[in-house]
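K.L.:
Task: produce atomic coordinates for the following.
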Amino acid sequence: MNTNQKPHVRVVAAEIEQDGAFLITQRRPEARLPLLWEFPGGRVEPGETDAQALARELREEMEIEVAVGDVCLQVTHEYEDYSIDLIVCRCQIVSGEPKKTRVHDLRWVRPEKFSEYTFPGADQQSVDALLADADERAAERAKD
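P.N.:
Numbering: from 1, shown residues only. Have a look, this model is predicted:
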């Protein structure tokens, strides 16, 4: 067994859109990668499906219940001490209003404002894909 191998973590995140804005959360000051912004979510625990983990994380972090939809992006990213598989799913809030229960802050952000926030590497890839998708959808609407 290679003892130099980095830990590998599976993480799920939610793409939640309302009225053209997306929900992002800020990591707590004591967290790894402190005060950076991300799509809400967290680690998949042993025995959980991605959907179960995502629903649990959003309930714990912001006291909301969500319907977990399709996977819209999957990214593998290498950090210095570990690597992650980030799975982003489209979600819809079915009950509750997001609260800052276990996040430092939260915001509803329109795609054109994402550049004002700093995201960790894997999340930045998610943001870039979301913005490309939003541009594509806007171009399609313009054709109609």
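K.L.:
so how far is residue 100 from the residue nearest the centre of the chain?
P.N.:
The C-alpha lying nearest the average C-alpha coordinate of the chain belongs to residue 39 (C-alpha atoms, centre = their mean; 2.5 Å). Using C-beta to C-beta, to the nearest Å, one obtains 16 Å as the distance from residue 39 to residue 100. Heads up, the C-betas are built off the backbone N, CA and C, glycines and all.
K.L.:
And residue 93, by the same measure?
P.N.:
Taking C-beta to C-beta as the measure, residue 93 falls 15 Å from residue 100.
K.L.:
Look at these two and report which has more neighbours.
P.N.:
residue 93 (17 against 14; other C-beta atoms under 10 Å).
K.L.:
how about the helices in the chain?
P.N.:
Listed in chain order, the helices of the chain (DSSP state H) span 50-62, 121-143.
K.L.:
Lowest average confidence across those helices, which one?
P.N.:
Least confidently modelled of the helices of the chain is helix 121-143, at a mean of 72 by mean pLDDT.
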